[in-house]
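1. structure for this input, please:
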Amino acid sequence: RNTVDKKRVTKKIVIRTETYEDSEGNTRKRSIYGNVKATVRVHTINTEASVIAGYQIIDVTTAAILNSGSLTGQATYNYEWATFSGDKRALDWQMKSLTSKKAEAPPATEQMVLQALENLTNQVYSAIKSAVE
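-> Residues are numbered from 1 along each chain as shown. Coordinates of the predicted model:
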């Protein structure tokens with residue numbers, strides 16, 4: 001699943017300084033503030049895979065079922081990045097971090113299924129180990 005969330009951000013910043021003379025004749029500097037704006041598009045990719053398996057552990061001498069069950073192996077992938085237009089100074093640190101990331105393709109379906117199978121294999125191993133102990 002791919003989503004795009006569009007946000008408009010505004011931030012008040014020092015855009016320049018000016019020199020002035022105070023009432024006592026001293027030269028001073030003061031900051032001039034202004035608003036800067038940016039439009040940020042946060043892109044999110046979420047994908048997942050699940051593999052479900054049922055099992056039975058059978059005593060071959062008595063044909064008795066020692067243990068049985070159902071297990072699910074899962075794999076998930078989440079990735080987020082952002083693009084923006086406008087003034088970068090309007091972005092907070094989190095948005096700047098997301099805009100520094102590049103778009104990334106999600107893993108192939110086969111890779112996600114293999115990862116879910118690996119997770120399932122570990123669960124099957126644990127189930128067998130606990131059944132025979």
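2. and residue 86, what does it touch?
-> Listed by C-beta atoms under 8 Å, 6 or more residues apart in numbering, the contact set of residue 86 reads 36-39. To be clear about C-beta, it is placed using only N, CA and C from the backbone, and glycine gets the same treatment.
3. buried ones among those residues?
-> For these, a neighbour count by 16 or more other C-beta atoms under 10 Å gives the buried set as 36, 38.
4. you'd agree residue 7 is in a strand?
-> Yes - applying DSSP: H, G, I helix; E, B strand; the rest coil, one finds residue 7 inside a strand.
5. in contact with it, which residues?
-> 39-42.
6. one step back: of all the contacts of residue 86, which two lie farthest apart?
-> 36 and 39 (11.9 Å; C-beta to C-beta).
7. possible to save the contacts of residue 7 as CSV with distance to residue 95?
-> Output for the contacts of residue 7, formatted as CSV (distance: C-beta to C-beta, whole Å):
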residue, distance to residue 95
39, 11
40, 5
41, 11
42, 8
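8. among those, which one has the most neighbours?
-> Counting neighbours by other C-beta atoms under 10 Å, residue 40 leads these with 21 neighbours.
9. surely residue 41 is in contact with residue 95?
-> No - at 10.6 Å, residue 41 and residue 95 do not qualify as touching, with contact defined as C-beta atoms under 8 Å.
10. shared neighbours, the two?
-> Joint contacts of residue 41 and residue 95 (C-beta under 8 Å, 6+ apart) are 82, 84.
11. thanks again, I'm all set now.
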